[in-house]
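Visitor: Here is my input, please return the structure:
(4 chains, ligands or ions: 2)
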Protein chains: 2
Amino acid sequence: MKELTSVSVPTVRRLPLYMAILKEIEPTTQYVSSTLISDRLNLEQIQVRKDLAGIGVTGQPAVGFNVRELIEAIEQLLGWDNMRDAILVGTGNLGQALLGYDGFARYGLNIIAAFDSNPEIIGMKIHGKPVFDIEVLSSLTERMHIQIGILAVPSKVAQQVADALIEAGIHAIWNFTPVKLNVNNNIIVEQVDLAASLAVLSSKLKAVNK
Amino acid sequence: MKELTSVSVPTVRRLPLYMAILKEIEPTTQYVSSTLISDRLNLEQIQVRKDLAGIGVTGQPAVGFNVRELIEAIEQLLGWDNMRDAILVGTGNLGQALLGYDGFARYGLNIIAAFDSNPEIIGMKIHGKPVFDIEVLSSLTERMHIQIGILAVPSKVAQQVADALIEAGIHAIWNFTPVKLNVNNNIIVEQVDLAASLAVLSSKLKAVNK
DNA sequence: ATGTTATCGATACTCTTATATCGATAAATA
DNA sequence: TATTTATCGATATAAGAGTATCGATAACAT
Ligand SMILES: NC(=O)c1ccc[n+]([C@@H]2O[C@H](COP(=O)([O-])OP(=O)(O)OC[C@H]3O[C@@H](n4cnc5c(N)ncnc54)[C@H](O)[C@@H]3O)[C@@H](O)[C@H]2O)c1
Ligand SMILES: NC(=O)c1ccc[n+]([C@@H]2O[C@H](COP(=O)([O-])OP(=O)(O)OC[C@H]3O[C@@H](n4cnc5c(N)ncnc54)[C@H](O)[C@@H]3O)[C@@H](O)[C@H]2O)c1
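Guide: Numbers count the residues shown, from 1 in each chain, chains lettered A, B, ... in the order given. Ligands and ions are numbered 1, 2, ... in the order given. Next up, the predicted model:
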């Protein structure tokens, strides 16, 4: 019954921050306090406690939270306990950077292959990952039961490639293009919205410069 | 007096989405309804109307909002009317992708130069932008009154490079590293948190897979 | 042993954000 | 001209997220 009330999105977004601290201190400490975590992240203790309560972990008064237990709970909630395979489409500027990023392994994400439409790139390996023709997308994806597609193609073809990904059996799209994708609501789309991020920065800067 | 109540962050984050639609329809239409915008973005009309009211634009009942007026209001609020110069530090995988991204111009951001510590890269041009030695950071930045620094260096040196940026007179840091930077609160830090984004995607996928 | 301190859980409260309702306006249509 | 329809603004309500308070617990120092 506990699982019915799902964790809030803001909480989920903070979990990786907690995880980084936990992984760092795990070798040295068995228990951690919400105060320690909140201090490092410039948050309030109470917010950390509430988040942790939200994911179902309970601490011990006057002692703290069991580090190991916390790590396992977060990993399980985020599915970082089992590696998830993903494919990436669009091996341009951004796509190549993502292929070369070793940080994803820490988040349980494993990019097994890339796809592109450019004949000059197809057949190559980029950062050790093979690049296939976008035309053979479905055969590979379906066969290997890949669930996650990373979208890094030019904006004009974003929708069309997204459709192809879904056609090929992808359930979740990590969308790095600024295009608002039109998809069925059984498909999960997570947008990496740089424009939004930049907008926040710009408006704050504007406010300071009065 | 209107400006004292600043626009909320969620609203600011949606403004670029509105802008994209406005720019697209500007040549063909003079007025736009909140319904049209909300339909394209899968939002509620009322939320769009409230956002637009929040930035000080007022529409006409039974007619809609003046497209040109909206564009100008948003551009002004985000400072996208005047190009802002920025510098980028760390020309690795991600830094090079960012240097090659032409989309920033649309957001009023102009990366004028890059900095790195790797002698093999220093002196080169990447996507037309010169790469300087990180050692000469302050001389260039201060002289040209650059306000924005884009941080794309390895995590271990992120704090130290951030300190150098601030020392060199930077007021705002667009932080692509997963490091929580420790800075004075007169410095604006905007974090691009891929881990958070991936966490949201993962948790939703987990939920769907039962 | 006793008191002090750090910590948690539960509950309540506040603030922000999102959503709903409704009357007024003007364009389009009959 | 009268009626219907799409739209906005203002105000109210609901939902969500963050913050505060307080009693209980256990470690540690006196
Ligand atoms: N470069 C950045 O830093 C950056 C930042 C934010 C957002 N983005 C967005 O990411 C996307 C990619 O940007 P980029 O700079 O890497 O562009 P890019 O042009 O460098 O790369 C696009 C790649 O997609 C491939 N491609 C084109 N059509 C295809 C298709 N139908 N199927 C498969 N592959 C196809 C191209 O061959 C190319 O390799 C764009 O939507 C851009 O707006 C990029
Ligand atoms: N590559 C990605 O897709 C990606 C995605 C998300 C986050 N990130 C983060 O972005 C950062 C950079 O990632 P990357 O993959 O580009 O790494 P990278 O190793 O490819 O590039 C880092 C660059 O920084 C330079 N550098 C090192 N020390 C420096 C210093 N003291 N001063 C100036 N420059 C210095 C290096 O010479 C190198 O060119 C990392 O913190 C990473 O976690 C990367």
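Visitor: which stretches of chain A form strands?
Guide: A:31-32, A:65-66, A:84-89, A:109-116, A:125-126, A:129-133, A:148-151, A:172-175, A:188-191 (DSSP state E).
Visitor: Count the residues that sit near the residue lying closest to A:S138 once chain neighbours are set aside.
Guide: Once flanking residues are discounted, A:S138 sits nearest to A:A168: 3.7 Å by CB to CB, 6 or more residues apart in numbering or on different chains. Glycine gets a C-beta too; all of them are placed from N, C-alpha and C. Residues lying near A:A168 (other CB atoms under 10 Å in any protein chain shown) number 18.
Visitor: So, low pLDDT: which residues of chain A?
Guide: Scanning chain A for pLDDT under 70 picks out A:1-5, A:210.
Visitor: Would you mind giving the domain segments of it?
Guide: Using automatic domain parsing, the domain parsing of chain A gives A:4-78, A:84-196.
Visitor: which bits of chain A sit near DNA strand C?
Guide: Residues of chain A that fall close to DNA strand C, judged by CB under 7 Å from any atom of the strand: A:32-36, A:45-46, A:49, A:52-53, A:58-65.
Visitor: Distance to B:V131 added to the domains of chain A, as a markdown table?
Guide: Shown next, in a markdown table, are the domains of chain A (distance: least, CB to CB, whole Å):
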| stretch | distance to B:V131 |
| --- | --- |
| domain A:4-78 | 30 |
| domain A:84-196 | 16 |
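Visitor: from those, which stretch is densest packed?
Guide: Mean neighbour count, computed with mean count of other CB atoms under 10 Å in any protein chain shown, is highest for domain A:84-196 among the domains of chain A, reaching a mean of 18.
Visitor: Quick one: residues in contact with stretch A:31-41.
Guide: Stretch A:31-41 is contacted by residues A:14, A:17-18, A:21-22, A:25, A:43-49, A:52, A:59-60, A:63-67, A:70, B:180 when judged by CB atoms under 8 Å, 6 or more residues apart in numbering or on different chains.
Visitor: hey, C-alpha coordinates of that stretch in PDB?
Guide: The C-alpha trace of stretch A:31-41 is given here as PDB (Å, rounded to 0.1, in the frame of the first residue of the first chain):
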ATOM      1  CA  TYR A  31      25.000   6.300   9.700                       C
ATOM      2  CA  VAL A  32      24.300   9.700   8.200                       C
ATOM      3  CA  SER A  33      22.200  12.500   9.600                       C
ATOM      4  CA  SER A  34      19.800  14.700   7.500                       C
ATOM      5  CA  THR A  35      21.800  17.600   8.800                       C
ATOM      6  CA  LEU A  36      25.000  16.500   7.200                       C
ATOM      7  CA  ILE A  37      23.300  16.000   3.900                       C
ATOM      8  CA  SER A  38      21.400  19.300   4.000                       C
ATOM      9  CA  ASP A  39      24.500  21.200   4.900                       C
ATOM     10  CA  ARG A  40      26.400  19.900   1.900                       C
ATOM     11  CA  LEU A  41      23.600  20.800  -0.500                       C
END
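Visitor: thinking again about what came up before, inside helices: which ones of the contacts of stretch A:31-41?
Guide: A:14, A:17-18, A:21-22, A:25, A:45-49, A:52, A:67, A:70 (DSSP state H).
Visitor: Specify which member of the residues you listed is nearest to ligand 2.
Guide: The closest of the ones in helices among the contacts of stretch A:31-41 to ligand 2 turns out to be A:L17 (CB to the nearest ligand atom; 13.9 Å).
Visitor: follow-up on the earlier one: take the strands of chain A and lay them out in CSV including distance to DNA strand D.
Guide: Formatted as CSV, the strands of chain A follow (distance: least, CB to the nearest atom of the strand, whole Å):
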stretch, distance to DNA strand D
strand A:31-32, 9
strand A:65-66, 12
strand A:84-89, 24
strand A:109-116, 24
strand A:125-126, 37
strand A:129-133, 35
strand A:148-151, 23
strand A:172-175, 20
strand A:188-191, 15
